[in-house]
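J.: Fold the following and give me the result.
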Amino acid sequence: MEDSRRANLVVLILSGTFVVLVGLDLIADYQSGSSEGNLILEGLLLVTCGTFFVLAVKKLALVKKQIQSLQVDVEKLQKEKGQWKNETHQLLAGLSVKIEQQFGKWKLTQAETEVGFLLLKGFSLQEIADARTTKIKTVQQQSQSIYQKTGLASRSELAAFFLEDLLPPEEAIQERFESAN
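T.: This next block holds a predicted model:
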């Protein structure tokens, strides 16, 4: 982006300089009594260079407007992103509290609660063992204990238990797919 702006500025300066030089040469040739053909030819060159210069200035002005417009759009999107992130952060914090409350109802130990959160986040058993600085066997036993206490058979069932209420009902999902087809 910076390179193209610099290149456009160089072209603008060179074309402006060329217009000035051709204009000065035309004036010098006129004063020295050059032939009419030479003056006409240099006059056409001046008009061509001047036109190119004016078009380049207009294009640069248009590009500058577009850049300003894009900067405004980026600022708006960043503001929206911040608002969305804040709203979802609040929602996720509330969900985290509800999950912890449910873990309490299931009478999970503190260690099982930590493992349960990490399972829900998608960590592998090895990653959980590394994060908690325990052996993988310990994490396996704790996850089996979680499944026994909850009556759920797997990590996906554990996740589904909490996600089910967040998603639209199955009928609504089917309606969306049917209307899309």
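
J.: average pLDDT for the helix or strand harbouring K79?
T.: Counting by DSSP states H and E, the element that carries K79 is helix 36-105. When pLDDT is averaged over helix 36-105, the result is 87.

J.: counting contacts, what elements does that helix pack onto?
T.: helix 2-31, helix 110-120, helix 155-163 (3 or more C-beta pairs under 8 Å, 6 or more residues apart in numbering; DSSP states H and E). Any C-beta I mention is one placed from the backbone N, CA and C, and that applies to glycine too.

J.: again, 7 Å this time
T.: helix 2-31, helix 110-120 (3 or more C-beta pairs under 7 Å, 6 or more residues apart in numbering; DSSP states H and E).

J.: I'd like the ones you listed written out as JSON lines, with distance to D130 added.
T.: JSON lines is the format used below for those (distance: least, C-beta to C-beta, whole Å):
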{"stretch": "helix 2-31", "distance to D130": "43"}
{"stretch": "helix 110-120", "distance to D130": "10"}
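
J.: ok, and which of those has the densest surroundings?
T.: When the helices and strands packed on helix 36-105 are scored by mean count of other C-beta atoms under 10 Å, the highest mean neighbour count falls to helix 110-120 (a mean of 18).

J.: before we move on, the earlier item: which one of the helices and strands packed on helix 36-105 lies closest to G37?
T.: helix 2-31 (11.0 Å; C-beta to C-beta).

J.: got the angle for that closest one vs helix 36-105?
T.: 170 degrees (axes from the mean of the first three to the mean of the last three C-alpha atoms, to 10 degrees).

J.: mind listing what the residue of the chain most remote from its centre touches?
T.: Going by C-alpha atoms, centre = their mean, the residue of the chain most distant from its centre is G33, 64.2 Å out. Taking C-beta atoms under 7 Å, 6 or more residues apart in numbering, we find G33 in contact with no residue.

J.: So for it, what pLDDT did the model give?
T.: 86.

J.: Can you check what angle separates the helix holding K79 from helix 110-120?
T.: Using the same axes, to 10 degrees: helix 36-105 against helix 110-120 is 150 degrees.
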